[in-house]
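Asker: heads up, no residue letters with this:
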């Protein structure tokens, strides 16, 4: 080999090495972006059931038309492949698409607005280089008037969007600040857990005091000892976020089970610890009905023992709560509701499922069970097929009376309504949609009213 | 004039076998009607019935027979449904209900071992099957994926593809048995249709230790799951439809079946193809009942083989106390066994067998023993704990050879609907008895390795039955000696097929359900071949 | 005295069933056999005498110092409903044990040896307490399952069949480890 060629070869090697270093840095950035995307649970809404990740197409049938999530893969034809970093940042943090149109706040950009510039850069790197492009565009969302007035969101944003990224509070410590950043930002806990005002915006003064996600109650997770998680140890909170349950406290079901499965359980232990640290300091908000800690009600009670020897009615509609409990529940939760030795099958007393005054989640869990999409799959079978609305009410009232808050009641009508409430897995999106629909409607009215007033005012001048 | 119904495919019997055949055919677009003599049951009611039953040791107690479709009950007294002609009793148990007998089973879902289908050629006993193990293999796989089956990979049954999940976690008791019997015996995980993870929309096992009489959480595959899958595929089920006659036309094709509703109103169902899947006793009963002037010995019976070659798996056993605490009753009931004696040159002389360990809680048996012994005072509780922690049981599962004299016939007695009851003629021959004798040495060795005391062998000459009703509708290549061909089609009626354990020409050493399901899937494919995509879809559905 | 309290609990079914501590019946400080209990039980005024005798005899046969009062009432009612002579037989057996100071370990042997008409009684009472089953053959009735003593005395290790042991795989661990 001649000298010049050797030199060239050497140069090539050097260039390759530096390219490798750059690649390594990029790879680290992409990896961090992937982690942040997990924390943001982007996949939950931007993936159709059984579809490719981030290719969008999750369809939510609604009374006003089908809402379809978009393709956020780096496809240049169908996704966000042509987005610049600034355009990406505006979409994520300001709810503004590359074409300038406003997103509906079904996309939780009011939370994502907290994300730092560095993290947006990492997210951008991930979505551009770490996600496989899918050149398939989901059907566009076409809502009828007035729900198609995307521009109205500009006014809504002016009122409710704080678009300044998170800035650490000095003196609160690194863990607290990290927790606050995640809870208020990417993890967008408030999207479900913070109650909303008339215009369906989160009420900052009621941070994490409990909201609704479709039919599900997203409970109060403030530091209140009765209504919230004030009585939980940080370890119990971490267990819950990592495993989907905390012994003697609560189990994640419905949309929260999805959030744990797809997002929270994959976060680093230090981040979960930080979330717990922060949650323990969220200003306490108490629901007046919670006269004691919602996870402290009830005790072991055997309502079955004195049923033995009593023949069961042929018509199971006539069975008592104890008899229904015996036949359907006791196999796992045990005769006295105490759960299994290892707590793997939970106790029904000292359990928020039976301890809350609001019984929606109890009824929904009886109907739908708890299902994850991973190998753990059916964590609790649903009884929608096996139990009538009347039986659900009889059973649930037995549970709250014996193991939970005895003033909490369930009616057959409530069970019927919740049964008819649609598929449980799309409820997050449904809730967000409801928010959009109401907001747009109200804004449209406001705008029309404002224009008419101006017209009247100008005609008065003439 | 009876009410009329019609379908492309009429299936008689809505148990696991008929339902999975029905499901597969419905998936191909056929209209399928399943007629089930018994009622529709609810799992929760069975659970409650068991807990309220004074007969906790009798797993049939939560399944009371319906007046219009009785099944045999022996405790507290024989209900006289299955008549016993002797010389040896054959107290078969089965359930006539939607979902059939696999409402309660141990979910043991074994394959044959390859030589099981060639025992005449290899060992000069019994008969050969009209198909090879290799031909069965893909059907076993499909059955295993539908049922959600897993087990050890060294039980003597080779496979092309892995089980759909890992074996169920080993209970502590079985771990100790395995450790202490090694290397003399290889104790391995049973092949079972019990979820080691969430599968088929059903949860993983949580160790209710009541696989029999009922798995309360449906971690174990049940016949009702097969029925529900068939219904989801479009098949229709008529419960409480007691078929009492199969009708043929002048050419010998099956034209219709007739059934009674519980009020004895008559119904007639016509169809193109008929599948008889009412189990190894009720199916031959129905063929014999349907005798006509053209077929005076019953349908499908030109060979005279219908109802003959009745086989099952008799068992003898040893119960003893181990020298350490095992606490049977934690986890599923039937987790482990020894499978090294299922095949070998010895089959020319005596029956092969499996050695099966139970993990059923011993508390009930021990309590009964202590009450019988008249133990009172503080000693009772002390003994109860000591014995419940240490008592263990091993049984053999012995092959029985096909013998034409072991058979199901029609009794002169009739049931409440006026239908003749089945009658069992049964004997256990020396081939099987020799194996029971041989296995005693295994029992003794096992007890010694476990530091056993208080050895109690089952009574001499007494065999427990295992409810694996086999052989009464045997498949074979020769129409002169068998009822159906290798695809389950009756030799005598072109559009009548039989599915079920009855078609197995030999019983081998394993629980018969999986083999019957595999053969039924093969029969369904023969009746109406699956489209490529649909076949793949079928497997997915098993997972969904 | 513990015995008074226990008897009142056993006799009074109107107690708040949720009050577990009051449902617990202390049958006295029985070891294996306390002869002093018997005259006390037999001296109770009617209708307490019959239930008191059942409680005392149960404590002797079962060999437990604490028996559940509500369960005792259920079992007594079921046993008495199936056999009109049951109350008298219980008192007779209790008197016999008291008069002759029969050790429970010898009891069945004594009754069988003397062809006593009371010979089946201890087993009936034991079946009721330990199996939760009253009566025999086709008349047998289940009056307890989860609270039958054969479930209670192993409840630290086993769940009664049909009740889940625990999360998948939990049974692989050594019992009570």
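Answerer: Looks like it arrived, so ask away. Because the structure is predicted, anything quoted here is derived from the model rather than measured. Numbers count the residues shown, from 1 in each chain, chains lettered A, B, ... in the order given.
Asker: how is chain A divided into domains?
Answerer: Using automatic domain parsing, the domains assigned to chain A come out as A:26-159, A:305-419, A:427-462.
Asker: I'd guessed residue B:309 sits against residue B:404; true?
Answerer: Yes. Assessed by CB atoms under 8 Å, residue B:309 is found in contact with residue B:404 at 6.2 Å. The C-beta positions use only the backbone N, C-alpha and C, and glycine is treated the same way.
Asker: the two: who's more crowded?
Answerer: Legend: neighbour count by other CB atoms under 10 Å in any protein chain shown for residue B:309 and residue B:404, higher for residue B:309 (30 against 14).
Asker: about what we covered before: which one of the domains of chain A lies closest to residue A:215?
Answerer: domain A:305-419 (5.4 Å; CB to CB).
Asker: how far does the closest one sit from its chain's centre?
Answerer: The chain centre lies 24 Å from the centre of domain A:305-419; the measure is CA atoms, centre = their mean, to the nearest Å.
Asker: ok so, going back, deepest-packed of the domains of chain A, please.
Answerer: Comparing the domains of chain A on average neighbours per residue, with mean count of other CB atoms under 10 Å in any protein chain shown, the densest one is domain A:305-419 at a mean of 20.
Asker: rewinding a little: how about a markdown table for the domains of chain A, with mean pLDDT and distance to residue B:241 added?
Answerer: Formatted as a markdown table, the domains of chain A follow (pLDDT from 0 to 100; distance: least, CB to CB, whole Å):
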| stretch | mean pLDDT | distance to residue B:241 |
| --- | --- | --- |
| domain A:26-159 | 88 | 38 |
| domain A:305-419 | 95 | 21 |
| domain A:427-462 | 64 | 42 |
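Asker: want to try CSV for these, with distance to residue B:318 as columns?
Answerer: Formatted as CSV, the domains of chain A follow (distance: least, CB to CB, whole Å):
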stretch, distance to residue B:318
domain A:26-159, 52
domain A:305-419, 31
domain A:427-462, 57
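Asker: name the residues that touch the host helix or strand of residue B:146?
Answerer: Secondary-structure assignment from DSSP states H and E places residue B:146 in helix B:133-147. Applying CB atoms under 8 Å, 6 or more residues apart in numbering or on different chains, the contact partners of helix B:133-147 are B:20, B:109, B:111-114, B:116-117, B:149, B:158-161, B:163-164, B:193, B:200, B:221, B:226, B:229, B:514-515, B:517-519, B:521-522, B:538-539, B:541-543.
Asker: what residues are up against residue B:441?
Answerer: Neighbouring residues of residue B:441 by CB under 8 Å, 6+ apart: there are none.
Asker: how about it, secondary structure?
Answerer: What DSSP: H, G, I helix; E, B strand; the rest coil gives for residue B:441 is helix.
Asker: what about residue A:288, how many residues nearby?
Answerer: For residue A:288, the count of nearby residues is 8 (other CB under 10 Å).
Asker: look up phi and psi at residue B:412.
Answerer: Per-residue torsions, residue B:412: phi -80, psi -20 (degrees, to the nearest 10).
Asker: chain C versus the closest residue to it other than its chain neighbours, what's the distance?
Answerer: Residue nearest to residue B:412 in three dimensions, not counting chain neighbours: residue B:420, with 7.2 Å by CB to CB, 6 or more residues apart in numbering or on different chains. With the distance defined as CB to the nearest CB, to the nearest Å, residue B:420 ends up 26 Å from chain C.
Asker: and what of residue B:304?
Answerer: According to CB to the nearest CB, residue B:304 and chain C sit 41 Å apart.
Asker: how many neighbours does the nearest residue in space to that residue that is not next to it in sequence have?
Answerer: Nearest residue to residue B:304 in three dimensions, chain neighbours excluded: residue B:297, at 6.4 Å (CB to CB, 6+ apart). The number of residues packed near residue B:297 is 13, by other CB under 10 Å.
Asker: check the one 4 residues further on too.
Answerer: The criterion is other CB under 10 Å. On that basis, residue B:301 has 23 neighbouring residues.
Asker: and the most centrally placed residue in chain C, what does it touch?
Answerer: Residue closest to the average C-alpha location in chain C (CA atoms, centre = their mean): residue C:58, at 3.9 Å. By CB under 8 Å, 6+ apart, the contact list for residue C:58 reads C:27, C:67, C:72, C:75, C:125, C:129.
Asker: secondary structure element for it?
Answerer: Counting by DSSP H and E, the element that carries residue C:58 is helix C:48-62.
Asker: now do the closest residue to residue A:152 other than its chain neighbours against residue A:197, distance only.
Answerer: Counting by CB to CB, 6+ apart, residue A:443 is the residue found nearest to residue A:152 once chain neighbours are left out, at 4.1 Å. For residue A:443, the distance to residue A:197 equals 13 Å [CB to CB, to the nearest Å].
Asker: check residue B:86 too.
Answerer: Distance from residue B:86 to residue A:197, counting by CB to CB: 84 Å.
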